[in-house]
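Asks: Pasting the sequence and the predicted coordinates here, then a few questions.
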Amino acid sequence: MKVLASHITRRQIPNYSKGQSTMKTTTILLASAFVLVACSQESAPVDEAVAEVTPQEPEVSIYDAATASPERLAGDYDRDAGRKPAEVLELFGFEQDMTVLDMFSGGGYYSEVIAHVVGPQGRVVAHSNEAYLNFVGEEFTARHANERLANVEILMAENNELQLNEGEYDAIKLALSFHDMYFDSPEQNWLKIDVQKLLAELHKGLKDDGFIAIVDHYAETGAPPESGNSVHRLDPTIVVAAMEAAGFVSDLESDLLRNPDDDRSKSVFDPELRGKTDRYIIRFRKAP
């Protein structure tokens, strides 16, 4: 496991008998030669035709390859149907060789898939804090044990203490965690976050041509920011307003993870809803 030190972080011509005359042999050989030449001239288009109908192996995208990787933790595959990670990452525009900050990475489900997408020349920084580690339990440990993800580093930073290098990241991801900026639970060691300060730090850390990828649970329309504390949901209009105030502009939205049967008044941890919530997808870039 790599920890950032600045934070608690491959034809034969047939043989003829000797009794045959030389003339006869020559005639036969010449005839055979003409046959061979004729066959070779006629075979070319046949070979081309065969080549044209030869089935080609389908090309596998880096996103499908990432989710199909046998190296992933066994439990991850069970979550894919609800999260659609290949489609989501392709939609946002994650690519090979990127440097990505996985903010509030939790157990690291997305950290690992992104690590496979960006590849060995890419880099993922998985952010976490004490409260998240207590919540996800052993999943985080199993995810990062023995440096099994060679291109992933751990960044430990408590709320309101995040410090990023200027222009370091091609992308920053917040999956099912933006609402946690409005969570407040001292007993769980989760201090209230200074939202604008945190977003200003993300703005500083993002490259000018980079993007911030946000996926979160829909709250009831018009629900106040406190819904992030009570039911762990957030009205997307709050997200957009906060991001615009921090100098970002939305350039992509998607209904890929919508679920009209979700009861937005209930907590996302309700046993009947967990993993099945109605979710929005929004991408932001620095405002011009």
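Replies: Noted; the coordinates are in hand.
Asks: From now on I want contacts and neighbour counts done on CA atoms only, so please keep to that.
Replies: Fine.
Asks: residue boundaries of the strands in the stretch 101-250 of the chain?
Replies: For the stretch 101-250 of the chain, strands defined by DSSP state E, counting those that start in this stretch occupy the ranges 123-128, 152-156, 169-175, 206-217, 248-254.
Asks: Need the residues that contact the longest one.
Replies: In this structure, residues lying in contact with strand 206-217 by CA atoms under 8 Å, 6 or more residues apart in numbering are 92, 166-179, 232-234, 268, 277-286.
Asks: Sort out for me which of the residues you listed are in helices.
Replies: Those of the contacts of strand 206-217 mapping onto helices are Phe92, per DSSP state H.
Asks: just for the chain, where's the confidence low?
Replies: 1-55, 57 (pLDDT under 70).
Asks: which ones are touching Leu256?
Replies: 88, 280-281.
Asks: same question, Leu273
Replies: 262-263.
Asks: Phi and psi next, for it.
Replies: Per-residue torsions, Leu273: phi -110, psi -20 (degrees, to the nearest 10).
Asks: re earlier: could the strands of the stretch 101-250 of the chain go into CSV alongside distance to Trp190 and mean neighbour count?
Replies: Putting the strands of the stretch 101-250 of the chain into CSV (distance: least, CA to CA, whole Å; neighbours: other CA atoms under 10 Å) gives the following:
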stretch, distance to Trp190, mean neighbour count
strand 123-128, 12, 25
strand 152-156, 14, 23
strand 169-175, 17, 23
strand 206-217, 19, 22
strand 248-254, 26, 16
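Asks: Select, out of the ones you listed, the one closest to Gly106.
Replies: strand 123-128 (6.5 Å; CA to CA).
Asks: Tell me what angle that closest one forms with strand 152-156.
Replies: Using axes from the mean of the first three to the mean of the last three CA atoms, to 10 degrees, the direction of strand 123-128 lies 30 degrees away from that of strand 152-156.
Asks: Now do strand 123-128 against strand 169-175: the angle between them, please.
Replies: Using the same axes, to 10 degrees: strand 123-128 against strand 169-175 is 40 degrees.
Asks: So what touches strand 123-128?
Replies: Strand 123-128 has contacts (CA under 8 Å, 6+ apart) with 97-106, 108, 111, 114-115, 151-158.
Asks: repeat that for 6 Å
Replies: 99-105, 151-156 (CA atoms under 6 Å, 6 or more residues apart in numbering).
Asks: Just give me the closest of these to Lys204.
Replies: Nearest to Lys204 among the contacts of strand 123-128: Leu101, at 12.6 Å, using CA to CA.
Asks: quick one: contacts for that closest one?
Replies: By CA under 6 Å, 6+ apart, the contact set of Leu101 is 124-125, 172.
Asks: As CSV, those with distance to Ile212 would be great.
Replies: CSV is the format used below for the contacts of Leu101 (distance: CA to CA, whole Å):
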residue, distance to Ile212
Val124, 14
Val125, 14
Ile172, 5
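Asks: quick one: which of these is nearest to His203?
Replies: Out of these, the member with the shortest distance to His203 (by CA to CA) is Ile172, at 9.7 Å.
Asks: Kindly report the domain assignment for the protein.
Replies: 17-56, 61-286 (automatic domain parsing).
Asks: distance between the ends of the last one?
Replies: With CA to CA, to the nearest Å as the measure, the first residue of domain 61-286 is 28 Å from its last.
Asks: what does stretch 226-239 give?
Replies: Stretch 226-239: ends 13 Å apart by CA to CA.
Asks: Please apply the same query to stretch 193-211.
Replies: 22 Å.
Asks: For it, what is the distance to the chain centroid?
Replies: Using CA atoms, centre = their mean, to the nearest Å, the mean C-alpha position of stretch 193-211 is found 21 Å from that of the whole chain.
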